[in-house]
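S.K.: Got a sequence here, can you model it:
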Amino acid sequence: MRADGEQVFGWVAATIYVGTCALIVFGTDATHALLCNATSNCILDWVGALSGWVAAIVAALTIRPLYRQLLTQTEQTDFTVGNTKPSIDAVQHLDTNSQIVVDIVNWNRRGMIVRDIQAVGSGAPLTIQQAEVDKEPVMPLPGRLILPGWINRADKPHRMRMEVAAKGEDGRFLRDEWERMQIMVTYELFGTRELSKQPVTVNLTSQDLGIFG
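M.R.: This is a model prediction of the structure:
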């Protein structure tokens, strides 16, 4: 849609430019009297003025795609050198809908430590029931959950899988309530002191959304 809009503005600018020049050259005496005066070179003045406006419009239309291209190149460079953020997904467990499976893939060359994981939108405390890194069980405690960095780009990135659950005030495990909530994962990359927080929407598997009739 943006590309179509830029093309439309470009055609409009070109049409105005050509149309005005045509009016000056082929127009009637009334048109000349409206657009010109007797003390200047009418064609040179209008061509110069319109050229400046057209150049400004073209420059303005060019900046946006160039900026988007720069962002794309920056993202590609970050991925190549290993500066990409880890990806985090959360989905309701297929067999136990009171559990949420949190999947973290570390695309960064630096290792990461999961410092905290919370349920956003509920005061229910979240507990990590079990965790594994690259399919190997690890101690499910925040601060002890370490995911190595993706240093060897020829291999797959390292993956962490956690099964978490939360109880409401009535002592019952949350199930469909996850639809109104998010999970907030706080992590820290090796070599930095900065904590990064990433909210994650939970995809439910226990609801019939009527997609297949």
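S.K.: in this structure, which spans are helices?
M.R.: With DSSP state H applied, the chain shows helices at 2-26, 29-35, 42-81, listed in chain order.
S.K.: tell me the mean pLDDT for the shortest one?
M.R.: Looking at helix 29-35 alone, the average pLDDT works out to 55.
S.K.: Per-residue pLDDT of Pro148, please?
M.R.: The pLDDT attached to Pro148 in the predicted structure is 96.
S.K.: number of nearby residues for it?
M.R.: Residues near Pro148, counting by other CB atoms under 10 Å, number 16. C-beta here means a position set from N, CA and C on the backbone, and glycine is covered the same way.
S.K.: For it, give me its contacts.
M.R.: Neighbouring residues of Pro148 by CB atoms under 8 Å, 6 or more residues apart in numbering: Asn106, Gly111, Val133, His158.
S.K.: quick one: which of these is nearest Lys167?
M.R.: Comparing these against Lys167 with CB to CB picks out Val133 as the nearest, at 26.1 Å.
S.K.: ok, Trp178 - how many residues close by?
M.R.: 25.
S.K.: how close does it sit to Val120?
M.R.: 11 Å (CB to CB, to the nearest Å).
S.K.: Repeat that for Thr192.
M.R.: 24 Å.
S.K.: what's the answer for Gln129, then?
M.R.: Using CB to CB, which is the criterion applied here, Gln129 is 19 Å from Val120.
S.K.: Check Gly149 too.
M.R.: 27 Å.
S.K.: Who has more neighbours out of those two?
M.R.: A count of neighbours by other CB under 10 Å puts Gly149 above the other of Gly149 and Val120, at 19 against 12.
S.K.: Just to check, the more buried one is in contact with Arg109?
M.R.: Yes: contact criterion CB atoms under 8 Å: Gly149 and Arg109 qualify, at 4.7 Å.
S.K.: give me the number of residues near the closest residue to Leu204 other than its chain neighbours?
M.R.: The spatial neighbour of Leu204 that comes closest, neighbours along the chain excluded (CB to CB, 6 or more residues apart in numbering), is Gln92 at 4.9 Å. A count of neighbours around Gln92, defined by other CB under 10 Å, yields 20.
S.K.: Also Met139?
M.R.: Other residues near Met139 number 10, with proximity taken as other CB under 10 Å.
S.K.: which residues of this structure score low on pLDDT?
M.R.: Counting by pLDDT under 70, the low-confidence segments of the chain come to 1-61, 71, 74-82, 206-213.
S.K.: One more pass at 50, please.
M.R.: The chain contains residues with pLDDT under 50 at 1-2, 5, 41, 44, 208-213.
S.K.: residues contacting Thr127?
M.R.: Applying CB under 8 Å, 6+ apart, the residues near Thr127 are Val164, Ala165, Ala166.
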